[in-house]
Structure formats: C-alpha cells, structure tokens
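Undergrad: Have a look; sequence and predicted model below, questions after that.
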Amino acid sequence: MASGIRTFGIDVSHWNGKVSWDVVLKPDAPITVHFAYVKASQLYLGSSGHVVRQKDSEFDENWVALKQHGLKRGAYHYCMPDFTAQEMADLFLSVYHPSKGDLLPALDVEDEYVRAIQAGTKTRAQLVAQIAEFGKILVKATGHQPFLYIRKDISDFLGNPAEFAVFPLWIANYSHPPTPPVPKPWHVYTLWQYSDQGHLAGVPGNCDLDYLNGPPALLDSFLI
C-alpha cells in the first residue's frame, strides 16, 4: 500500500437523505466510485435516559441498491461509550448480516469517547477494552478483523493502545494532503476519509469522500 495509487469511494448515512445510486454510479459519471460504506446502526441514550436502538433509516435501501449495482459495499456501526461491546454488536448484527463478498465491517469511534473520559464517566482502559472486544465479536461473526474508523487526535487521546494494531485503519483527516499522519500503533492507513464536505451528483448535501490506499484490485483483500 505504498504505490501512491488511490481508489475513490464514499460513505453515507441517513444524514445524506435518499441517495440516487443510479446517478452516483452511472457509466459517464465524472468520477468513478469503486466502493461505498453505509451506516447500519447506533445505540444511544434518549432524553429520558432510555436506550434507543437505532437502525439507520436508509440502510436497507442503500444496501440493496449497492448490491443491484454490483458495487463493493461495507457496513459500519457508530460506536458509543455508554454501552458494552456485546450490546453494540447485538444491534449491529441484527441490522447487518455479514455475507461473503462484503467489505469488512467497520467500527466508527468519534468524539463521544473523548467526552466520556473528560466527564469521568469512563476510563481510557474501559473504552479501549470495549472497542477491542467489539472487534473480537465481529471476528467471530465474520472471520475477519473489522476496520476501525478514527481520527488521529482521538487515537492519541486514548493513548494509541497496542490493542488497536489488529484493526485495519480507516483514518479521518481533512487537512493533510497528500497523505494523512498515521497514529501509533499503525504504520500505514488502509482507508482515508479525506473530506466530509464533498459534493457528488446523486448524493444530497455534503458527502464523505474516501480513498483506499492502493489500486481497485486491493479491495479484494478486504472482503469477507
């Protein structure tokens, strides 16, 4: 993954609204999308403290459309610090059913993890263990280690734990072209979300834009 060749893809969720995949993937589109990730699920606490088990409202439609178009597709779960790895995995795997030919699933870890530590509701050790355990559960379900989507500053805040080294890295970084800095314990990224402000015909509003660190054929190395 050091050839300098990159392969373009996108990731979407209900925040994008209804994606017109016929438009995104039309043969004469100005840019070729080689892969797509779609949000599947998220657990969160409602205003009264009750647990909300959210299936992304656009998941089914996106998932079916990507299969119909023959595009390499993957699903991700938006992680939260308030829940156990098993609780998150149970929801994710009730929404997304892994099958041969899917891209590796992904765990999305964002600012909620920093805030939980700053608030004193969770420790770094607890959250690192939660993420690592979620990965182990998905290995049992799929036979493969999932991607970990994370920013460098969040990984740094969590102490760049050695436990993360088993995850292929999906780095989010919008300000370091031509290549993002990679946090320890990784030495190289596999996927790079390089913009959350992209515009693509067929996707309403802003769109997350991604690169695979290599040629399109490399995607086959990251399939279930």
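TA: Sure, I can see it.

Undergrad: Just give the strands next to whichever strand in the chain runs longest in its sheet, each with its orientation.
TA: Ranked by residue count under DSSP state E, the longest strand found in the chain is strand 35-45. Counting by DSSP bridges, the strands paired with strand 35-45 are strand 7-12 (parallel), strand 51-55 (antiparallel), strand 72-78 (parallel).

Undergrad: Reformat those strands as TSV; add mean pLDDT and distance to residue 205.
TA: Glycine gets a C-beta too; all of them are placed from N, C-alpha and C. Listed next are these as TSV, based on pLDDT from 0 to 100; distance: least, C-beta to C-beta, whole Å:
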stretch	mean pLDDT	distance to residue 205
strand 7-12	98	10
strand 51-55	91	20
strand 72-78	98	18
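
Undergrad: and of those strands, who's closest to residue 62?
TA: With C-beta to C-beta, the closest approach to residue 62 among the strands paired with strand 35-45 belongs to strand 7-12: 6.4 Å.

Undergrad: residues in contact with that closest one?
TA: 19, 24, 31-39, 58, 62, 76, 191, 193, 198, 200, 203, 207-212, 214-216, 218-219 (C-beta atoms under 8 Å, 6 or more residues apart in numbering).

Undergrad: go on, stretch 52-67?
TA: Counting by C-beta under 8 Å, 6+ apart, 12-14, 16-19, 21, 36, 38-46, 73, 75, 91, 95-96 sit against stretch 52-67.

Undergrad: 6 Å - rerun?
TA: Residues from elsewhere that reach stretch 52-67, judged by C-beta atoms under 6 Å, 6 or more residues apart in numbering: 13-14, 21, 36, 38-42, 44, 46, 73, 91, 95.

Undergrad: Using CSV, write down the CA coordinates of the one helix or strand in the chain whose mean pLDDT sits lowest.
TA: Ranking every helix and strand in the chain by mean pLDDT, DSSP states H and E puts strand 51-55 at the bottom, with a mean of 91. C-alpha atoms of strand 51-55 as CSV (Å, rounded to 0.1, in the frame of the first residue of the first chain):
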residue,chain,number,x,y,z
VAL,A,51,-31.8,3.2,25.4
VAL,A,52,-32.5,3.8,21.7
ARG,A,53,-31.6,1.1,19.3
GLN,A,54,-31.3,2.9,16.1
LYS,A,55,-31.3,1.2,12.7
